[in-house]
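Student: Predicted model follows, preceded by the sequence.
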Amino acid sequence: MLIICCHSVLSACTYLLLRHQGMTSQQIITVAYALILSRIMYALPAWGGFLSAALIDKINAFLSA
């Protein structure tokens, strides 16, 4: 699941570049999490008022993982 998530967040070109640079799968997953987190933190102030309680719980679960 995490590898699928990494592939959907990172373009194939970026993924191959990171692999070529010697990054391990765990390091690439960390990069993907950082990208996801930055996108959430960027959009949260503008869209926070429109989130349902269920979506807030999902975001909190992701951030605490």
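Tutor: Happy to help now that I have it.

Student: Please name the nearest non-neighbouring residue to residue 63.
Tutor: Closest residue in space to residue 63, ignoring its immediate chain neighbours: residue 37 at 7.4 Å, by Cβ to Cβ, 6 or more residues apart in numbering. In this view, the C-beta of every residue, glycine as well, is placed from N, C-alpha and C.

Student: Quick check: which element contains residue 60?
Tutor: Assigned by DSSP states H and E, residue 60 belongs to helix 53-64.

Student: Run through who's touching that helix.
Tutor: 36, 37, 40, 44, 51 (Cβ atoms under 8 Å, 6 or more residues apart in numbering).

Student: Swap in 10 Å and give it another go.
Tutor: Applying Cβ atoms under 10 Å, 6 or more residues apart in numbering, the contact partners of helix 53-64 are 33, 36, 37, 40, 41, 44, 47, 48, 51, 52.

Student: now it, how far from the chain's geometric center?
Tutor: Relative to the centre of its chain, helix 53-64 is centred 13 Å away, using Cα atoms, centre = their mean, to the nearest Å.

Student: May I see the buried residues of that helix?
Tutor: Judged by neighbour count using 16 or more other Cβ atoms under 10 Å, helix 53-64 contains no buried positions.

Student: how far off helix 53-64 does the top helix by length along the chain point, in degrees?
Tutor: Taking DSSP state H as the criterion, the chain has its longest helix at helix 25-47. Calculated by axes from the mean of the first three to the mean of the last three Cα atoms, to 10 degrees, helix 25-47 forms an angle of 140 degrees with helix 53-64.
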